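Student: with the input below, show me the fold.
(2 chains)
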2 protein chains.
Amino acid sequence: MSYSAPVKDIAFVLNNVIGLANLAKLDGYEDATPDLVEAILDESARFTEDVLAPLNWSGDQQGSKWQDGEVSTPDGWKAAYSQFVESGWGSLSFPTDFGGQGLPLTVAAAVQEMWHSANMAFGLCPLLTQGAVDAIEHHASEEQKQFFLPKMVEGSWTGTMNLTEPQAGSDLAAVRTKAEPSGDHYLIKGQKIYITYGEHDLTENIIHMVLARLPDAPEGVKGISLFIVPKFLINDDGSLGQRNDLTCVSIEHKLGIHASPTCVMSYGDNAGAVGYLLGEANHGLAYMFTMMNQARHAVGVEGYGIAERAYQKAVAYARDRKQGKTLLGKSPDDQGIINHPDVRRILMTMRSTIEAMRGLGLECAAAFDQAKRHQDEQVREKMRRRGELLTPLVKGWSTEMGVELCSLGVQVHGGMGFIEETGAAQFLRDARITPIYEGTTAIQANDLIGRKTARDGGKGMGELLDDMRSVLDELKQSDHLDFKAISKRLEPAIASAENATQWLLGQNDATLPSATSVEFLMMQGRLAGGWMMARSALAALKLKQEDGSDDAYLDAKIMLARYYSERMLPLVESAEVIITEGAESTIALDAAQL
Amino acid sequence: MSYSAPVKDIAFVLNNVIGLANLAKLDGYEDATPDLVEAILDESARFTEDVLAPLNWSGDQQGSKWQDGEVSTPDGWKAAYSQFVESGWGSLSFPTDFGGQGLPLTVAAAVQEMWHSANMAFGLCPLLTQGAVDAIEHHASEEQKQFFLPKMVEGSWTGTMNLTEPQAGSDLAAVRTKAEPSGDHYLIKGQKIYITYGEHDLTENIIHMVLARLPDAPEGVKGISLFIVPKFLINDDGSLGQRNDLTCVSIEHKLGIHASPTCVMSYGDNAGAVGYLLGEANHGLAYMFTMMNQARHAVGVEGYGIAERAYQKAVAYARDRKQGKTLLGKSPDDQGIINHPDVRRILMTMRSTIEAMRGLGLECAAAFDQAKRHQDEQVREKMRRRGELLTPLVKGWSTEMGVELCSLGVQVHGGMGFIEETGAAQFLRDARITPIYEGTTAIQANDLIGRKTARDGGKGMGELLDDMRSVLDELKQSDHLDFKAISKRLEPAIASAENATQWLLGQNDATLPSATSVEFLMMQGRLAGGWMMARSALAALKLKQEDGSDDAYLDAKIMLARYYSERMLPLVESAEVIITEGAESTIALDAAQL
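Tutor: Model (predicted):
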């Protein structure tokens, strides 16, 4: 169950598809040269392969354990986390002012894929910390930043997101946790559930970001504030002070990510947990979205990260395992099941979809980097729109496909896939949470059709479809047969996406669009993946023409793009029919008839 | 986590879609009147709801345990199995000569759905027994039948299928287990894996059906024989004799069906296990298919059985759980998440697909019943062809969809779905084995394109498509708007299936068809499901016209058919493109490029 980080594939996308060199021209990203980034990727590969990956299965089997309010992580996790902190892996994209390395999010996302491939349950801990850092960096007072950020950026304190309560999951308007003013701070009382790494033994302190209501707060989401609630209070000299009034009451027994403790947290069982208001009162929802948007992108990265691991395991098994005479094997020695055409189908589906998702995940990160650093305000604005439009696709589509691909990974193993010790089933169990947390696919789809499409009258979507048409034009200038095959499916797929978008924009209310919003999200995700794959094919052909030394690799890139177009883009066309014809029947029955 | 058997839905299909009354006209099936069958369904509902369903979760958590070669099933299983035997649930479709009830397979399949909904890990035990009974009934000597069948039919001895060895999974040509002649019997030596209920404490004896090779047997599948190998030898007076030389070496640690022991069986560690040859030497593969075909159909039933349970859980949660203001709720009291349009989409997808799968599963069973009992030889022949054609669809499509629907069931629960105690995750874990055992989906697809389509030059497929066109004609005679909507999608879907079939038949060798065989299977399965749903809609309209007392129920049947057509049949159209355009790119890379 070893892991080999796909450094070459990741560098190919960064350098040749996304255009890392252009990012490195932006003020503040000068360090992100291709050479430095490849060195980082190599170093990250070593760390994730040698330190994180070997703990994945044992961590799953052992799980984190709760006893009397304390949570112990599996054997080896403390040492691995220490190495993680020492190597600075958590701080790549954070501001240099607080000890970060100031690299583009694009580079950080490339590295984070490796965490989740190697050990998703481990990777969740820094993922949550990063969300908390983002919220503090953007919205806290200078004093709060100085107080919390240096330790959090280096990773010696971790962060959490405390949103959910039993009655308040997708609907945060229902949050009931209370915050009473008390001098320079607040006293927090309430219970939070599903708190990832809410308690653990990896670091000396944990900084909880907690949504709560002030006594005079308006009802609903307009009355939510965000508080910084440390596990241990911090003395003025920066040393740890007394234990705050908060405890981990229990941890959940889950389908997967067993090593990642999912905590029920109780705040203020005694006097109240000391919390510090972040930014302004009643603006908590907006601040939470700062954490959340970053986390949503990161969960999308998890989706393809775990699928990459499942793919590696499946392809290794398929090379090794022999069953029957194969149609594609070239000799008696070449009879691994990889040479059965249907196993190829599964592996091509996994590989091409992973590459499409990785391309889109990095494209989205690059859009945010440009939105932050580009000198031209109009470009910044457009790239912000682009990043925000792509985020629900990266989160929703990549996680749904991540589950599907991990399930295909099980299938390649036949009966062995169902045996836990094989390890293929763990990837499926772990992946299954990704379309749920940080907002279910339905929540992403709602965001996509509402805030990201209808609100700007389809402007951002129109820009995206225009960019796709430019790629289509480029493809059409080539006589390459594979490019013709890609165009043949990309062209009608773009038209279908355009039609579905127009249908959506033409609706009088949200009911019918909501009934097909997930179809719409999957359609746009699949198409955006096809756009990235077409760009990958174009980049591969260009490199081949420049230098013929790596043809087998580059030809594979082109063929994977063609396969993706022929296998996935027809589903974009059928989605148009499903969306425009099927919305009414979806909601036609009374609830009682179900 | 209660279960409520969908007796009304099942009876609707049997009486109004399949036409149970016609089956009851066949010689030997006179007892299968609608009244008797409804009484059986009601009784089965009580048994599965009250006895099997309550043991499902505890059985999963406790699991079967192995110690020193003995396997103990979870608490309550022995008592439940005794009740199962006493009530005669295992013997419905078996010949009356050996204590069976002689009912159509169609009725037995309707009852078996309930076993798997209530408790799939339990249902597997009689499922395997039935396969063994079938093989003995069809191929054993009269003496062997008298010896084994009465106890097996009543269920007081269970049966197993011993095919797989570590090097011989899908490829049975590689079976190495040996059988040496020794007087009136054979001595069996070898190891078998993945033996469902290979050892347990539910009955006093277990009858193993074991594939093995005689010393002089030809290589490959033509040298496989099938043996009856009882755990305890049987004395001439029918009493149990000495323990046979076979042991359960260990049981597997699996993703799901924890209560069903998956055994590693060792035969002949000492002198050799006494086995009795079934039928003729070297004909084992053909006999095995007798067991297997019945078991494949039964596993397809598992696919929709477990999905039905997942649906019931999801719809109950969706009525109860409140999150946010819904678009479809009619009052402040009517705000369960079932009134969010996307939750409706999931529930409609689950419900309509389950009804389509149930329809097809029962249609396939009815074809086998007609093939067995119809007075007209031509009809028998056609129905045999039909049943054999539909079997890989029932097995392959219903199990793939079963997994997908159980995953959707998890999604309805949001974060709760990932918590094991909720129970939704168990259905997904259990369902995940169904596309693997009794032949993976790829094996079913291979059977479909080869033996079931290419071998007869598309005759059986042509007959099926013709029957679909007749239903289309019937739909078109109605002005009903929903029927127009169904026709609109059914017509091009039939055309696409026809085109894909012609493409398949036009290929020179099996390579390209094999590369898209699973797409072809899923396409034909989806379309056949649409055909059943269209028939369901026609039947519902007819009943409405005869008697207006149950309109809400019958209108729902029509709307579910429309939803299914609009949501699933566009995928049949896109499958034509995927199959005919995408086969080449699937296999274009060298294995080394993956």
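
Student: which parts of chain A are strands?
Tutor: All strands of chain A, identified by DSSP state E, fall at A:65-67, A:70-72, A:157-162, A:178-182, A:185-196, A:205-212, A:225-230, A:232-234, A:240-243, A:246-251, A:262-267, A:273-277.

Student: now the longest one and strand A:273-277, what's the angle there?
Tutor: Just to be clear, that refers to strand A:185-196. Using axes from the mean of the first three to the mean of the last three Cα atoms, to 10 degrees, the direction of strand A:185-196 lies 100 degrees away from that of strand A:273-277.

Student: partner strands of strand A:185-196, with direction?
Tutor: Sheet pairing for strand A:185-196, assigned by DSSP bridges, gives strand A:178-182 (antiparallel), strand A:262-267 (antiparallel), strand A:273-277 (antiparallel).

Student: could I get those as JSON lines with mean pLDDT and mean neighbour count?
Tutor: Every C-beta, even on glycine, is put in place using the N, C-alpha and C of the backbone. Listed next are the strands paired with strand A:185-196 as JSON lines, based on pLDDT from 0 to 100; neighbours: other Cβ atoms under 10 Å in any protein chain shown:
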{"stretch": "strand A:178-182", "mean pLDDT": "98", "mean neighbour count": "18"}
{"stretch": "strand A:262-267", "mean pLDDT": "98", "mean neighbour count": "23"}
{"stretch": "strand A:273-277", "mean pLDDT": "98", "mean neighbour count": "24"}
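
Student: any chance of the ones you listed in a markdown table, with distance to residue A:206 too?
Tutor: Listed next are those as a markdown table, based on distance: least, Cβ to Cβ, whole Å:
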| stretch | distance to residue A:206 |
| --- | --- |
| strand A:178-182 | 19 |
| strand A:262-267 | 10 |
| strand A:273-277 | 12 |
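
Student: which one of the strands of chain A lies closest to residue A:297?
Tutor: Go through the strands of chain A one by one with Cβ to Cβ and the one that ends up closest to residue A:297 is strand A:157-162, at 14.3 Å.

Student: up against chain B, what does the stretch 251-400 of chain A have?
Tutor: Residues of the stretch 251-400 of chain A that fall close to chain B, judged by Cβ under 8 Å from any Cβ of the partner chain: A:252-256, A:315, A:319, A:322-324, A:327-328, A:334, A:336, A:338-345, A:347-348, A:351.

Student: PyMOL command for the buried members of the residues you listed?
Tutor: Typed into PyMOL, the line below selects the buried ones among those, using 16 or more other Cβ atoms under 10 Å in any protein chain shown:
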select buried, chain A and resi 252+254+255+256+315+319+322+323+324+327+328+336+338+339+340+341+342+343+344+345+347+348+351
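
Student: contacting residues around residue A:319?
Tutor: By Cβ atoms under 8 Å, 6 or more residues apart in numbering or on different chains, the contact set of residue A:319 is A:336, A:338, B:591.

Student: quick one: low-confidence ranges for chain A?
Tutor: Scanning chain A for pLDDT under 70 picks out A:1.

Student: quick check: domain ranges of it?
Tutor: Listed by automatic domain parsing, the domain ranges of chain A are A:158-281, A:441-593.

Student: dump the ones you listed to CSV, plus distance to residue B:540.
Tutor: What follows is the domains of chain A, written out as CSV (distance: least, Cβ to Cβ, whole Å):
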stretch, distance to residue B:540
domain A:158-281, 35
domain A:441-593, 12
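
Student: quick check: which of these is nearest to residue B:206?
Tutor: That would be, of those and by Cβ to Cβ, domain A:158-281, which comes in at 32.5 Å.

Student: what are the boundaries of the helices in the stretch 401-550 of chain A?
Tutor: Secondary structure of the stretch 401-550 of chain A, counting by DSSP state H, counting those that start in this stretch: helices at A:415-418, A:424-431, A:441-449, A:459-476, A:481-505, A:511-515, A:517-546.

Student: sorry, that was for the stretch 1-150 of chain A
Tutor: Counting by DSSP H, counting those that start in this stretch, the helices of the stretch 1-150 of chain A are A:7-12, A:20-23, A:34-47, A:56-62, A:77-86, A:105-139, A:142-154.

Student: ok, and for the shortest one, which residues are buried?
Tutor: Applying a neighbour-count criterion of 16+ other Cβ under 10 Å, the buried positions in helix A:20-23 are A:20, A:23.

Student: tell me what it is packed against?
Tutor: Contacts defined by 3 or more Cβ pairs under 8 Å, 6 or more residues apart in numbering or on different chains; DSSP states H and E place helix A:20-23 against helix A:34-47, helix A:105-139, helix A:341-373.

Student: could you do the last one as well?
Tutor: The helices and strands touching helix A:142-154, judged by 3+ Cβ pairs under 8 Å, 6+ apart, are helix A:105-139, strand A:157-162, strand A:205-212, strand A:225-230.

Student: can you pull the contacts of residue A:3?
Tutor: Contacts for residue A:3 (Cβ under 8 Å, 6+ apart) come out as A:48-49, A:53, A:56, A:117-118, A:309, A:312.

Student: no wait, residue A:390
Tutor: Contact analysis of residue A:390 by Cβ under 8 Å, 6+ apart lists A:360, A:363-364, A:367, A:464, A:528.

Student: how does it look with 10 Å?
Tutor: Shown in contact with residue A:390 (Cβ atoms under 10 Å, 6 or more residues apart in numbering or on different chains): A:297, A:300, A:360-361, A:363-368, A:397, A:448, A:452, A:460, A:464, A:524-525, A:528.

Student: now swap in residue A:320 and tell me
Tutor: A:336-338 are the contacts of residue A:320 under Cβ under 10 Å, 6+ apart.

Student: switch to 6 Å and redo it
Tutor: For residue A:320, no contacting residues are found, by Cβ atoms under 6 Å, 6 or more residues apart in numbering or on different chains.

Student: got the residues of the stretch 101-250 of chain A near chain B?
Tutor: A:169-171, A:194 (Cβ under 6 Å from any Cβ of the partner chain).

Student: neighbour-wise, give me the winner out of those residues.
Tutor: Greatest neighbour count in these, by other Cβ atoms under 10 Å in any protein chain shown, goes to residue A:194: 26 neighbours.

Student: for that one, give its distance to residue A:209.
Tutor: 14 Å (Cβ to Cβ, to the nearest Å).

Student: what's the answer for residue A:22, then?
Tutor: Taking Cβ to Cβ as the measure, residue A:22 falls 34 Å from residue A:209.

Student: next one: residue A:332
Tutor: Counting by Cβ to Cβ, the gap from residue A:332 to residue A:209 is 61 Å.

Student: the more surrounded of the two?
Tutor: Neighbour tally, residue A:332 and residue A:209, criterion other Cβ under 10 Å: the higher count belongs to residue A:209, 26 against 7.

Student: what's across from that one in the sheet?
Tutor: residue A:161, residue A:228.

Student: give the contact list for it.
Tutor: Counted by Cβ under 6 Å, 6+ apart, residue A:209 has contacts A:132, A:135, A:161.

Student: and what of residue A:163?
Tutor: residue A:211.

Student: please report the distance of it from chain B.
Tutor: 11 Å (Cβ to the nearest Cβ, to the nearest Å).

Student: how far away is the residue in the stretch 51-200 of chain A positioned nearest to chain B from residue A:285?
Tutor: Using Cβ to the nearest Cβ, the single residue of the stretch 51-200 of chain A nearest to chain B is residue A:171, 3.8 Å away. Per Cβ to Cβ, residue A:171 is found 12 Å from residue A:285.

Student: what of residue A:505?
Tutor: As judged by Cβ to Cβ, residue A:505 and residue A:285 stand 26 Å apart.

Student: what about the two, which has more around it?
Tutor: Using other Cβ under 10 Å as the criterion, residue A:505 and residue A:285 rank with residue A:285 on top: 20 against 15.

Student: leaving aside the residues next to it on the chain, what's closest to the more buried one?
Tutor: Using Cβ to Cβ, 6 or more residues apart in numbering or on different chains and skipping the chain neighbours, the partner closest in space to residue A:285 is residue A:221 (4.8 Å).

Student: that neighbour: how many residues sit nearby?
Tutor: Residue A:221: 17 neighbours (other Cβ under 10 Å).

Student: perfect, that will be all.
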